[in-house]
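>>> Quick one, what's the 3D model for this:
(2 chains)
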Number of protein chains: 2
Amino acid sequence: MRRGRASLEFERPPVVEAYASVAGKKEGEGPLGPCFDQIAEDPMMGKKTWEEAESAMQERACLLALEKKSIRPEEVRYLFAGDLLGQLTATSFGAAGLGIPLFGLYGACSTIGEALTLGAMTVAAGFGERVMAVASSHFATAEKQFRFPLGYGNQRPYSATWTVTGSGAFVLTEKETAEKKEQENTAGAGKKGRAVIAGVTVGKAADIGAKDSMNMGAAMAPAAYSTISRNFMDFQRDETAYDRIITGDLGEVGRTVLLDFMAAGGHDLSKVHMDCGIEIYDSQAQDTHAGGSGCGCSAVTLAAMILDRVRSGEWKRVLFVPTGALLSQISFNEGQTIPGIAHGVVIEHRDADGQEE
Amino acid sequence: MRRGRASLEFERPPVVEAYASVAGKKEGEGPLGPCFDQIAEDPMMGKKTWEEAESAMQERACLLALEKKSIRPEEVRYLFAGDLLGQLTATSFGAAGLGIPLFGLYGACSTIGEALTLGAMTVAAGFGERVMAVASSHFATAEKQFRFPLGYGNQRPYSATWTVTGSGAFVLTEKETAEKKEQENTAGAGKKGRAVIAGVTVGKAADIGAKDSMNMGAAMAPAAYSTISRNFMDFQRDETAYDRIITGDLGEVGRTVLLDFMAAGGHDLSKVHMDCGIEIYDSQAQDTHAGGSGCGCSAVTLAAMILDRVRSGEWKRVLFVPTGALLSQISFNEGQTIPGIAHGVVIEHRDADGQEE
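As a prediction, the model looks like this:
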């Protein structure tokens, strides 16, 4: 069902049937370390290149998610996947290898928001009984693609973020199909309660003329502001309707900008706002400056921490808003601005019987 | 409605309400020259960089399509857009600027197939009364991104294709919304008959180990084979069900491979097969070797030639299969293979009253 100008509310909300996270060593040493399904001690994943490593990590996350509920790849109708690299290099040699009909997506660090949005739309419309969404990033592939060779050991300002090495994968499923699979599985893991995707707010590019690629939080904050405001208008809600509003990778600088913008619009987000980029590292101890970033940042945080709390009922309704900075090495070198984009995904708790509480 | 393992048949097929093509000078001198809406004599589009030129061309195609039916950008709910460049540089500074909620897509040269597929799914599900799909490519941005600086004047083998400079934009709309707009417009252009998107077959990555980036037709042909075969199985059809089966940019080499593969599977495609990459240039006179390629190739051919023939009823049903080669400069330099992907879009004629004839 269409809501307002950019949002959808699903009459039959897709269930997040399974999910998994694979993270790098540095991420494993951070606050979320104990929550990841796997921590890759070897940043090369046993491969010869950084790109192959990211591909392997992405594929691993998908397979882990599928294994948790004994789902075979053939039981997944469509795959929505993306990464940060030019021409989706990590995806083309990663999740694409699973042999599932593929939609390649690029939304910079908002990609998992885009993938969950399109995946949920597909399932809610009855076009697929089960689909998968995945995104990944890798510190070394991103530095190589966007900044400097690692060997340079370049300095970075405190406004800069650290690209997360990791991948998060999610299986979105029709309620009946998920229930059937639960009955087949002896584990009966569904008793814990479920997380469903209740609605989405699709973001548009927001460009305020930011040009500093070492301060992407500031470049993305206007997009987060735009999408969160739109979500409030479209659903006729405000911040009190959510237990948490969780942005992707604004970091400390972007968070400040977002809270200021929202306050100017009459919304106090300070009590409900979280940012995956702030959660994922201990920025003082780990020297990650403003926080984490990359497609993997919000994807692994969703899989490692957010969904468990929604399933348990600790959080009844969350607005998950991965944020992306639309720049490339070429656009940056040519002096272009950095537009931002953010997609909003409304994730809600359902009890073990699938009812809204 | 789900058909087979990868296809959908829409109960309420979205109408292709409006479409437009903008092509470069070389494309304007080719066989389709008279059919393009605009030919950009200046390959820089009055801009300072090739990338800005491609962005301008993409935006121009969108605005032209909208203007044809007096549609304002605010009347378009979602935009599905992509290009060949790393991080979708052309889109981020092109169609993204229209201010329509955006899904950024990457499917290499199959991108317009992916965009039409997701756009049609969105409209068919009732999630948007009207959406837009656009893709672009530019010879100069692609050479810079994937091959050599233009100034090198590098030689190319006869198996190589020539990246099309151009962009095609498409407005997909619910039948009732399109009819309402027609009544508002005095032109009454709908009397000619309509083209609708009746179904889709989503492709998966197909990798046969091809590594020659100067022979992408051969790398993509297996993906085209996979998607066309899947379409036949899912819809329980064969080549006799289509007036044309039109691949994106296989060129002369890829066409031969596809026809051989299909023949081995018992299907003679020689009478119904067309390839946008072969149609768009006079390869002898224009020295384009195996044919045209790039996201823009199938997009402008669809807008300039295919849809008109479907609307007029000359072709009742067409399978449009844009093809993409999933390589990046990095994956190529690291010795990776070139997987292919192809998405199938079933386009059908409806008479002026919107009935299937």
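>>> Can you show me the strands along the stretch 251-357 of chain A?
A:273-275, A:292-293, A:317-321, A:323-325, A:340-342, A:344-350 (DSSP state E, counting those that start in this stretch).
>>> Would you mind confirming that A:Ala96 makes contact with A:Leu102?
Yes - the criterion here is Cβ atoms under 8 Å, and A:Ala96 meets it with A:Leu102 at 5.5 Å. Placement of C-beta: from N, CA and C, glycine included.
>>> what's the closest of the strands of the stretch 251-357 of chain A to A:Ser226?
Proximity to A:Ser226 (Cβ to Cβ) singles out strand A:340-342 among the strands of the stretch 251-357 of chain A, at 7.1 Å.
>>> Is the closest one in proximity to chain B?
Yes - applying Cβ under 8 Å from any Cβ of the partner chain, one finds that strand A:340-342 is in contact with chain B at A:Ile341.
>>> how about the residues of the stretch 51-200 of chain A near chain B?
Residues of the stretch 51-200 of chain A lying near chain B (Cβ under 8 Å from any Cβ): A:51-52, A:77-78, A:82, A:84-89, A:92-93, A:96-97, A:99-108, A:114, A:117-118, A:121-122, A:124-129, A:144-145.
>>> remind me, longest strand of chain A?
If you go by DSSP state E, chain A has its longest strand at strand A:15-24.
>>> Contact partners for the closest residue to A:Arg317 other than its chain neighbours?
Counting by Cβ to Cβ, 6 or more residues apart in numbering or on different chains, A:Arg317 lies nearest to A:Glu348, which is 4.9 Å off, once chain neighbours are set aside. By Cβ atoms under 8 Å, 6 or more residues apart in numbering or on different chains, the residues touching A:Glu348 are A:Pro13, A:Ala195, A:Val196, A:Ile197, A:Ala198, A:Val310, A:Lys316, A:Arg317, A:Val318, A:Glu356.
>>> Which among those residues count as buried?
Among the contacts of A:Glu348, those buried by neighbour count (16 or more other Cβ atoms under 10 Å in any protein chain shown) are A:Pro13, A:Ala195, A:Val196, A:Ile197, A:Ala198, A:Val310, A:Arg317, A:Val318.
>>> Mind checking which of the residues you listed are in helices?
Of the positions in the buried ones among the contacts of A:Glu348, A:Val310 sit in helices, assigned by DSSP state H.
>>> For the residue of chain A found nearest chain B, which non-adjacent residue is spatially closest?
In chain A, the residue that lies nearest chain B is A:Gly86 (2.8 Å; Cβ to the nearest Cβ). Residue nearest to A:Gly86 in three dimensions, not counting chain neighbours: B:Gly86, with 2.8 Å by Cβ to Cβ, 6+ apart.
>>> With A:Gln38 instead?
Nearest to A:Gln38 is A:Val22, by Cβ to Cβ, 6+ apart, at 4.6 Å.
>>> Pull the contacting residues for the one you found.
A:Phe36, A:Asp37, A:Gln38, A:Ile39, A:Ala40, A:Met57, A:Arg60, A:Ala61, A:Leu64, A:Gly166, A:Ser167, A:Val300.
>>> Please repeat the previous calculation with a cut-off of 10 Å.
Counting by Cβ atoms under 10 Å, 6 or more residues apart in numbering or on different chains, A:Val22 makes contact with A:36-40, A:45, A:56-65, A:136, A:165-169, A:296, A:299-300, A:303-304.
>>> and if you look at A:Arg130?
Per Cβ under 10 Å, 6+ apart, neighbours of A:Arg130: A:14-15, A:17-18, A:69, A:71, A:75-78, A:119, A:122-123, A:171-174, A:177-178, A:181.
>>> again, 6 Å this time
Residues counted as contacts of A:Arg130 (Cβ atoms under 6 Å, 6 or more residues apart in numbering or on different chains) are A:Glu75, A:Val76, A:Thr173, A:Thr177.
>>> Ok, A:Glu51 next?
By Cβ under 6 Å, 6+ apart, the neighbours of A:Glu51 are A:Thr89, A:Thr141.
>>> Per-residue pLDDT of it, please?
With respect to pLDDT, A:Glu51 has a value of 97.
>>> Which element is encountered next along the chain beyond the helix or strand it falls within?
For A:Glu51, the host element (DSSP states H and E) is helix A:50-68. Next helix or strand after helix A:50-68 toward the C-terminus (DSSP H and E): strand A:78-83.
>>> Tell me which residues are up against that next one.
Contacts of strand A:78-83 (Cβ under 6 Å, 6+ apart): A:88, A:90-91, A:95, A:100-103, A:105-106, A:111, A:115, A:118-119, A:128, A:131-136, A:295, B:202.
>>> circling back to that earlier point, extract the C-alpha trace of the longest strand of chain A and format it as CSV.
Extracted C-alpha coordinates of strand A:15-24, given in CSV (Å, rounded to 0.1, in the frame of the first residue of the first chain):
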residue,chain,number,x,y,z
VAL,A,15,9.6,-11.9,7.5
VAL,A,16,13.4,-11.7,8.0
GLU,A,17,13.7,-15.4,8.0
ALA,A,18,17.5,-15.7,8.4
TYR,A,19,20.5,-13.4,8.5
ALA,A,20,24.2,-13.7,9.1
SER,A,21,27.3,-11.4,9.4
VAL,A,22,30.9,-12.0,8.6
ALA,A,23,33.3,-9.3,9.8
GLY,A,24,37.0,-8.5,9.7
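>>> Tell me which residues of it come out buried.
A:Val15, A:Val16, A:Glu17, A:Ala18, A:Tyr19, A:Ala20, A:Ser21, A:Val22, A:Ala23, A:Gly24.
>>> Just the mean pLDDT for stretch A:98-116, thanks.
The predicted model assigns stretch A:98-116 a mean pLDDT of 98.
>>> What's the end-to-end length of it?
18 Å (Cα to Cα, to the nearest Å).
>>> where does A:Lys175 sit relative to A:Met121, distance-wise?
16 Å (Cβ to Cβ, to the nearest Å).
>>> I meant A:Arg130, not that one.
14 Å.
>>> Report the beta-bridge partners for A:His349.
Here A:His349 sits in beta bridges with A:Ala195, going by DSSP bridges.
>>> for it, what are its contacts?
Taking Cβ under 6 Å, 6+ apart, one finds A:Val310, A:Gly313, A:Lys316 in contact with A:His349.
>>> again, but for A:Pro31
A:Asp282.
>>> quick one, phi psi at it?
A:Pro31 adopts backbone torsions of phi -60, psi -30, taken as degrees, to the nearest 10.
>>> mind listing what's buried in stretch A:325-337?
Applying 16+ other Cβ under 10 Å to stretch A:325-337 flags A:Ala325, A:Leu326, A:Leu327, A:Ser328, A:Gln329, A:Ile330, A:Ser331, A:Phe332, A:Gln336, A:Thr337 as buried.
>>> got the CA coordinates for stretch A:29-41 in PDB?
Output of stretch A:29-41 as PDB, limited to C-alpha atoms (Å, rounded to 0.1, in the frame of the first residue of the first chain):
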ATOM      1  CA  GLU A  29      37.900  -6.400  18.200                       C
ATOM      2  CA  GLY A  30      35.200  -3.700  18.500                       C
ATOM      3  CA  PRO A  31      32.100  -3.500  20.700                       C
ATOM      4  CA  LEU A  32      30.100  -5.800  18.400                       C
ATOM      5  CA  GLY A  33      32.800  -8.500  18.200                       C
ATOM      6  CA  PRO A  34      30.900 -11.100  20.200                       C
ATOM      7  CA  CYS A  35      27.800 -10.700  18.000                       C
ATOM      8  CA  PHE A  36      29.200 -11.500  14.600                       C
ATOM      9  CA  ASP A  37      28.600 -15.000  13.200                       C
ATOM     10  CA  GLN A  38      32.100 -15.200  11.900                       C
ATOM     11  CA  ILE A  39      35.200 -13.100  12.200                       C
ATOM     12  CA  ALA A  40      37.700 -13.400   9.400                       C
ATOM     13  CA  GLU A  41      41.100 -13.300  11.100                       C
END
